[in-house]
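*Asks:* quick one, structure for this:
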Amino acid sequence: MLIRFLLLPVIILFVSCQNDELLNNQDPVKIILDTDMGSDADDAGALALLHVYTEEGKADILGVIYSSGKVPYGAAVSEAINIYYGRPEIPVGADHEGEFGDPVDKMSAGKLARDTTAFRNTIVHNRDAEEQTELNRKLLAEKEDNSITYVTIGHTRGLYKLLTSEPDKISPLSGMELVQQKVKRWIALGALGAYNDGNHFVIDWNFWFNDTQPYTKYLVDNFPSESVFVDAGREILTGRSLMDTPRGNIVRTAYRDWLWWYNEYTFEDQRPSWDLVAVHYAVNGLGEWLEYAPQGWLEFDIEDGSRWNVGESERMHKYVMEKTGISQKFADYLNDKIGRTPKKYDPVLWK
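*Replies:* This next block holds a predicted model:
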């Protein structure tokens with residue numbers, strides 16, 4: 001009886017660490033954020049949230065990758081967000097081919113990109129930014145081994161281009177070798193609804209639409225490090241807290257324009273927070289609002305989409321879901337974060 005009593009705290013501590021190995025990480029999480037900024041407003045909210053975590057010492061933004069090109073203005077919006085939060089030095093990479101991604105500018109990214117007087121951005125068109133694969137390779141090559149968390153909140157083509165890249169002047173390693181050496185884990189907002197009865201596949205935006213299927217399949221089947229698929233955020237609504245944020249906040253404008261485009265909505269209607277939840281998990285782990293699906297692996301079919309299979313597997317896959325009954329508390333937390341005035345905000349600069 002005494003032995004059982006003494007072992008109980010140890011067991012509890014072990015289970016806690018197993019459930020959330022990131023929670024007590026003292027070092028900032030080094031993150032590359034891969035986004036399709038413009039397709040939805042929650043990409044802007046996710047980058048804002050990542051900046052808040054950087055202010056708190058929890059994250060280190062190595063770079064932002066805008067991997068869509070048919071609407072070639074997401075790099076500009078990403079840079080403007082970095083500037084608003086006082087980090088204009090964060091590099092932004094972008095697709096230069098202009099043949100991939102959502103063709104609809106849903107949050108007036110073109111208009112926002114051209115308003116350089118309001119938002120201080122120097123990037124307007126994607127081609128004003130560094131090419132995405134070149135920047136990705138550079139960021140990986142200069143960092144320590146097994147130190148980078150790659151977060152995809154948009155399409156999968158940007159990471160595919162990195163993984164299949166050839167050795168070059170930046171590094172003698174192939175993309176696959178670079179990723180295997182430098183990337184600790186890949187976290188993707190995708191495969192939404194894939195954990196079900198195990199008998200049917202589902203199709204979701206990031207992993208399937210806009211001809212992203214072959215890139216998704218390659219990554220799901222071949223990514224050499226841990227892969228975490230996040231399925232959470234539909235009922236976690238955010239955006240209302242942006243209404244009264246200071247001048248220069250392009251995040252507020254992006255939400256306003258996207259909401260009006262969607263259904264003539266306003267800030268009060270808010271927006272699901274899929275991308276914000278993915279960033280939150282990348283920095284904080286499960287915490288009190290998220291949980292893992294049973295052990296298994298993601299199966300991806302080009303025609304049918306995603307399915308989470310429960311059971312043992314050699315693949316290093318995890319599947320994250322939100323707990324029941326937490327939507328409002330989680331939304332309040334996220335709204336508080338993205339509604340804060342940046343610590344580096346200069347009212348004279350933005351007057």
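*Asks:* who are the contact partners of the residue most central in space within the chain?
*Replies:* Centroid check for the chain by C-alpha atoms, centre = their mean gives residue 153 as the closest residue, at 3.7 Å. Applying C-beta atoms under 8 Å, 6 or more residues apart in numbering to residue 153 gives the contacts 33-36, 42-43, 46, 189, 206, 274-275, 278-279. Where C-beta positions appear, they are placed from N, C-alpha and C, glycine not excepted.
*Asks:* surely residue 276 meets residue 333?
*Replies:* No - distance between residue 276 and residue 333: 9.9 Å, which falls outside the contact criterion (C-beta atoms under 8 Å).
*Asks:* those two: which has the busier surroundings?
*Replies:* Using other C-beta atoms under 10 Å, the more surrounded residue of residue 276 and residue 333 is residue 276, with 32 against 17.
*Asks:* quick check: which element contains the more buried one?
*Replies:* helix 274-284 (DSSP states H and E).
*Asks:* list the buried residues for that helix?
*Replies:* Neighbour counts using 16 or more other C-beta atoms under 10 Å place 274-284 of helix 274-284 among the buried residues.
*Asks:* and of those, the nearest to residue 69?
*Replies:* Among those, residue 275 lies closest to residue 69 (C-beta to C-beta), at 19.2 Å.
*Asks:* ok, back up a step: and the next helix or strand past the helix holding residue 276?
*Replies:* Under the assignment DSSP H and E, the closest C-terminal helix or strand after helix 274-284 is strand 290-292.
*Asks:* I would like the residues contacting that next one, please.
*Replies:* 19, 232, 277, 281, 286, 318-323.
*Asks:* farthest-apart pair in these, please.
*Replies:* Between any two of these, the greatest separation by C-beta to C-beta is 17.0 Å, found for 19 and 277.
*Asks:* secondary structure element holding residue 117?
*Replies:* Going by DSSP H and E, residue 117 is in helix 116-119.
*Asks:* buried residues in that helix?
*Replies:* residue 119.
*Asks:* pLDDT averaged over the helix or strand following that helix - what is it?
*Replies:* Per DSSP H and E, the first helix or strand lying C-terminal to helix 116-119 is strand 130-131. On average, the pLDDT along strand 130-131 is 98.
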